[in-house]
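> Got a sequence here, can you build the structure:
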Amino acid sequence: MGAWRLTPPPKNSKCKNRLEKLVATIYLFFGGAGGQDGILLIDYLPKGQIINAEYYSSLLVQLKDILKEKRREKVTKGFLFLHDNAPAHQALATQKKLTYLGFQCPDHPSYSPNLARRTTTCSLDWKKQMKGRHFSSDAEAIAAAKTWLDGQSSDFF
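Below you'll find the model as predicted:
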């Protein structure tokens, strides 16, 4: 019988590529009547970092501060805060932070086509716009994203 030889597992190139991508989290406001929908906060995840409950909770604090500043009249009425079922969103620490900040989170189904449509549309439009472009720095990519988002009409959001 031959001896077993341990070989290292193959390297996963997807993991490497994912760490090289610029990840943006965009918080949108849908105010109902009054037509003041739009972007409240865009956060670009630092390279090499992952979104965990601690990081996500810090974004929630920033978001609450922005809401107090930009939507003061709505803060007293409370907010319905909708996010998906990602692990960082469902973590106990995140749930405690949401309660502390006064956000009300409705139950979110595993998959809801009417909610997924907005995200999918935005992602597809963005991908079409950026197809084939290469950026020499994160700052250049962020500037392109800002220009594209600023160029969208209010009904896009």
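> Show the pLDDT at the closest residue to A24 other than its chain neighbours.
Leaving aside its sequence neighbours, A24 sits nearest to Y44 (CB to CB, 6 or more residues apart in numbering; 5.4 Å). For glycine as for every other residue, the C-beta is placed from the backbone atoms N, C-alpha and C. Per-residue pLDDT puts Y44 at 89.
> Show me which helix or strand of this protein is least confident by mean pLDDT.
helix 13-20 (a mean of 51; mean pLDDT, DSSP states H and E).
> next structured bit after it?
strand 24-29 (DSSP states H and E).
> Note down every partner strand of that following strand and its orientation.
strand 38-44 (antiparallel) (DSSP bridges).
> which residues touch the partner strand?
22-29, 59, 62-63, 66-67, 70, 138, 142, 145-146, 149, 154, 157 (CB atoms under 8 Å, 6 or more residues apart in numbering).
> Please, where are all the helices along this structure?
13-20, 53-70, 72-75, 87-90, 92-101, 113-130, 138-150 (DSSP state H).
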